[in-house]
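Undergrad: Quick one, what's the 3D model for this:
(one chain, ligands or ions: 1)
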Amino acid sequence: MKSIFSVASMKSLLIKSSKIPNSFSWKWNGWVPKKINTFMWKVVNNNIPTMLALKGRQVNVGDTLCKLCGEADEDADHLLTSCLITTIVWQFISECCNTSSLFAFSTKDLINIHSHVKASKNKRKGIQAVIFTTAWCIWNARNEAVFQNKVIGINKMLENIKALGYLWVKNGSPCSNLEWK
Ligand SMILES: [Zn+2]
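TA: Residues are numbered from 1 along each chain as shown. Coordinates of the predicted model:
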């Protein structure tokens, strides 16, 4: 099954999706690495290989249930916004960012949600960087569950998010005022 994730197939997916007119676009966040922006771009263009996406491409994936919660079919919206495990992660992240308003109903919300937070421009950009980092860490935890049968607990996920988010936001921003509790 791993072969479907080859660079070549990824490239062809990217090329295909870049031809979609009106595909969702936004200004990339310079505080996180390019690969994270690319990942988010694929997320909002429905281009990450979730179980349902693969099934839609006639890949025999067998069980399409989300590997984090086991409760629903896995598509990008479920995995990154409505999964029970993910919801708990977002709740912690909201608290870390000192904001109560990080509620996403679809993956597109993940791109814009920071703009609704009452904060300085810099802090909003930092929050977007943390949101991107969180989505990336959820996807990695999911990959470890799918490919290595490893369960990444919520605490471990939060540790990873904090470590990466702190590193990236600190390095990328001249005056980060994001507070991590
Ligand atoms: Zn789930």
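Undergrad: Show me which positions of the helix or strand where A129 lies end up buried.
TA: For A129, the host element (DSSP states H and E) is helix 121-148. Going by neighbour count (16 or more other C-beta atoms under 10 Å), the buried part of helix 121-148 is 122-139, 141-142, 145-146. Every residue, glycine included, has its C-beta placed from N, CA and C.
Undergrad: Which residues of this protein lie near the ion?
TA: 66, 68-69, 83 (C-beta under 5 Å from the ion).
Undergrad: Sort out which one of the residues you listed lies nearest G153 for me.
TA: Nearest to G153 among the residues of the chain next to the ion is L68, at 10.6 Å by C-beta to C-beta.
Undergrad: quick one, helices of this protein?
TA: Counting by DSSP state H, the chain has helices at residues 7-18, 34-44, 51-56, 76-77, 84-96, 107-112, 121-148, 154-172.
Undergrad: Can you tell me what sits against stretch 72-90?
TA: By C-beta atoms under 8 Å, 6 or more residues apart in numbering, the list of residues contacting stretch 72-90 from outside reads 43, 46, 48, 50-53, 64-69, 71, 102-107, 109-110, 134-135, 138-139, 142, 154, 157-158, 161.
Undergrad: Drop anything exposed from the residues you listed.
TA: By 16+ other C-beta under 10 Å, those give 43, 46, 48, 50-53, 64, 66-69, 102, 104, 107, 109-110, 134-135, 138-139, 142, 157-158, 161 as buried.
Undergrad: So which residue is smack in the middle of the protein?
TA: A135 (2.0 Å; C-alpha atoms, centre = their mean).
Undergrad: any idea what sits nearest that residue, other than its immediate chain neighbours?
TA: Nearest non-adjacent residue to A135, counting by C-beta to C-beta, 6 or more residues apart in numbering: L80, 5.3 Å away.
Undergrad: thinking again about what came up before, dump the helices of the chain to CSV, plus mean pLDDT.
TA: CSV is the format used below for those (pLDDT from 0 to 100):
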stretch, mean pLDDT
helix 7-18, 48
helix 34-44, 94
helix 51-56, 95
helix 76-77, 96
helix 84-96, 90
helix 107-112, 90
helix 121-148, 93
helix 154-172, 86
